[in-house]
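*Asks:* Sequence first, predicted model second:
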Amino acid sequence: MDLDLLKIKIREKLKEKKISINEAEKISGIGVSALRHFLLGRTKSPTLETFFSVTKALDIDVVELIDIQNIELNQSVGKSIWKGHLFDKLVEGLRGFTKEKNLQISSEEAIRALIEIYCYCHKKDLEKVDKDFIELFLENFLKKGGFK
């Protein structure tokens, strides 16, 4: 994931919505100064919760931020239709899993896991997945060395 692109997208959305960084932090429910520290480079990578909370609150498409990994994603799923609803469910499942297991993972690790799960689901032509499936998949992801 290109963190510079994320910073640009966040700044664009802040300007477009005419809100301050403080307001964005309140809207997204993240800690005070978490967004400011990221935008100023004091934090190298936002936490998973910060990343998803800010992108959701500011209506930023997570897929646009995948950068190089987006190429892998496009190659894996081919030219078929993007299933945004499926991706959204996977994001929520990952958030729930990491909270439940009290895992601290970076946004890059989260994107890697989401891509792997999404590609699997897309290849199997799954329209929706349940919490148990996501947890099983993530448990196996952990066993293979993900979330270091």
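*Replies:* Here it is on my side, so go on. Since we're looking at a predicted model, the values are computed, not measured.
*Asks:* can you list the domains in this protein?
*Replies:* 3-60, 66-143 (automatic domain parsing).
*Asks:* Helix or strand: which one has F38?
*Replies:* Take DSSP states H and E as the rule and F38 turns out to sit in helix 34-39.
*Asks:* Can you name every helix or strand that that helix contacts?
*Replies:* With contacts taken as 3 or more Cβ pairs under 8 Å, 6 or more residues apart in numbering; DSSP states H and E, helix 34-39 sits against helix 3-17, helix 21-28, helix 48-57. (Glycine included, C-beta is placed from N, CA and C.)
*Asks:* quick check: mean pLDDT across that helix?
*Replies:* Predicted confidence along helix 34-39 averages 88 (mean pLDDT).
*Asks:* now swap in stretch 10-22 and tell me
*Replies:* 90.
*Asks:* contact partners of that stretch?
*Replies:* When contacts are defined by Cβ atoms under 8 Å, 6 or more residues apart in numbering, stretch 10-22 is touched by residues A24, I27, V32, L35, R36, L39, V54, L58, D59, I60.
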